[in-house]
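Asker: Attaching a predicted model along with its sequence, questions to come.
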Amino acid sequence: MKNADEGIERVLAALREAEAPEGMEQRILQSMQKRASARRGWNPLIMFIIRMPSLRIRRQSWAIAVTAVAIVSLAACFTVFQGHRMEHDFADSKKQIAPANPPAPKVQTAAASALQPLPARSVAHSRDKTNTRKAGAGSNADSVALHAMLAVSYPAPPMPLTEQEKLLLRIAHRRDPVELAMLEPLLRSVQDAEEKAEFQKFFRQSPTKQSAAEQLVPSTAEQAMPGQFMTEQTAPGQPTTEPTTEQLTTDQPKSVQPTTGDIE
Amino acid sequence: MVLSSMEGARSEIDLAALVATYSALLFRVAYSVLRSRAEAEDVVQDVFVRVLEHRRSLLTVRDMRVWLIRIAWNLALDRRRRIRPEQFDESFAESLVASSVPADEAIDEAQRLKAVLDELERLPKAERHVLLLSAVEELGTAEMAEVVGRSESAVRALLFRARTRLRERLERGGAE
């Protein structure tokens, strides 16, 4: 019991009385200095803060704020200056190009005008400008682009028709006099009436013709099927759906036979 | 005016003064866990590097002393996972034995202290932590409770149980 307590107390006392190594504080301060310089790169400022307790962090923040304001104001001035410069360049190049391109009624495309060299006067003028402002080739390229943009553009001339297009045009516009006449309503009604009269005349003649022919020469089909023939005979007003061989022979000149559908 | 002057006084962070004030205490906290001087010094150095990194938020720290002890404690526990503190225990036990003692007695004494350290390592984690923190003389129960994140009564109970368990195990080991 006594030995155990004694051992515990001895170990705890040894841990309690452990002394820090000599020069530990200096080593810690040096390592902090190294780390701060490696991370941020403003070693003197960090060491100044560490070694000068009277310097407050508030002062450092004030310095940072003033520096930031100065940087922002410089950036704003630079941006405004650049904007003015670009506007001036644009106006100058417009002045150069406007007299060089009179609005002549000449057919040219924008691409062709872009490829044309600039007039000597404007090029010389722009060269002077570029020399004075040291803009170099950038200004020249800008003026060429502006020239292309402001050039007068006309629609392209009509292309000649191809053979296929010519054929199509001939078919579509042959100006047939019959077709043109058909467009007249009076002529058309007269023709319709003629066709109708011809039709009626044909169907008035055809039953008598047919009955006369059938009486003279009965067909083989009628002989084979007398019942069918009789049924056809009972309805003389109606035309036959299929003409017989006799009918075909007698109506040889008429190429078109009217059908039951046509009667209606 | 008074408030601004107080804020200005608080914002004065003298890192050199912090190192001078707390480095010895932090060294003992780390040494109780690691039992190696070199490792404990590295831990103290890491603590002040953290202070330098978080110097803008130092004004919000309520108790600088406990805050620094907690950083040192956590860093020492992290380092303890990477190294084996048992490898330093033998030399630590030998350093505790007086040089005036004869050699055979010194060996026996060193083995006995080594057994105490071994049993200390076998204690439950919470009990071991409280016992090691109690070894740091400057720390009271309230500060220990803040470091381990428990109540003061829990810390006292843990400390009592740790001592009792360690004693019983040492006696059992001595009887065997």
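Answerer: Everything's here; your move. Numbering: from 1, shown residues only, chains lettered A, B, ... in the order given.
Asker: Tell me which residues are up against stretch B:91-104.
Answerer: By C-beta atoms under 8 Å, 6 or more residues apart in numbering or on different chains, the surrounding residues in contact with stretch B:91-104 are A:R10, A:V11, A:A14, B:R35, B:A106, B:E109, B:A110, B:Q111, B:L113, B:K114, B:L117. In short, each C-beta sits where N, CA and C put it, glycine included.
Asker: Mind checking which of those residues land in helices?
Answerer: A:R10, A:V11, A:A14, B:A106, B:E109, B:A110, B:Q111, B:L113, B:K114, B:L117 (DSSP state H).
Asker: Domain-wise, how is chain B divided?
Answerer: Per the record, chain B has its domains at B:2-82, B:86-175, by automatic domain parsing.
Asker: what's the distance between the residue lying closest to A:L15 once chain neighbours are set aside and A:Q82?
Answerer: For A:L15, ignoring the flanking residues on the chain, the nearest one in space by C-beta to C-beta, 6 or more residues apart in numbering or on different chains is B:A135 at 4.2 Å. Look at B:A135 and A:Q82: by C-beta to C-beta, to the nearest Å, they are 69 Å apart.
Asker: more neighbours, these two?
Answerer: Neighbour tally, B:A135 and A:Q82, criterion other C-beta atoms under 10 Å in any protein chain shown: the higher count belongs to B:A135, 20 against 10.
Asker: Run a quick neighbour tally on A:L168.
Answerer: For A:L168, the neighbour count with other C-beta under 10 Å is 12.
Asker: hang on, the earlier thing: taking the contacts of stretch B:91-104 together, which two end up most distant?
Answerer: B:R35 and B:A106 (19.0 Å; C-beta to C-beta).
Asker: Out of these two, name the residue with the larger neighbour count.
Answerer: Shown here are B:R35 and B:A106; by other C-beta under 10 Å, B:R35 has more neighbours (25 against 15).
Asker: Quick one: residues contacting that one.
Answerer: By C-beta under 8 Å, 6+ apart, B:R35 lies in contact with A:L15, B:P85, B:F88, B:D89, B:F92, B:L117.
Asker: What's the per-residue pLDDT of B:R150 here?
Answerer: Model confidence at B:R150, expressed as pLDDT, equals 90.
Asker: ah, wrong one, I meant A:G227
Answerer: 46.
Asker: same thing with B:L68?
Answerer: At B:L68, the model reports a pLDDT of 90.
Asker: give the contact list for the closest residue to it other than its chain neighbours.
Answerer: Nearest non-adjacent residue to B:L68, counting by C-beta to C-beta, 6+ apart: B:Y22, 5.2 Å away. B:Y22 sits next to B:M64, B:R65, B:L68 when contact means C-beta under 8 Å, 6+ apart.
Asker: Low-confidence bits of the stretch 101-250 of chain A, can you list those?
Answerer: A:101-139, A:173-175, A:206-250 (pLDDT under 70).
Asker: swap in chain B?
Answerer: For chain B, applying pLDDT under 70 flags the ranges B:1-13, B:85-86, B:98-100, B:174-176.
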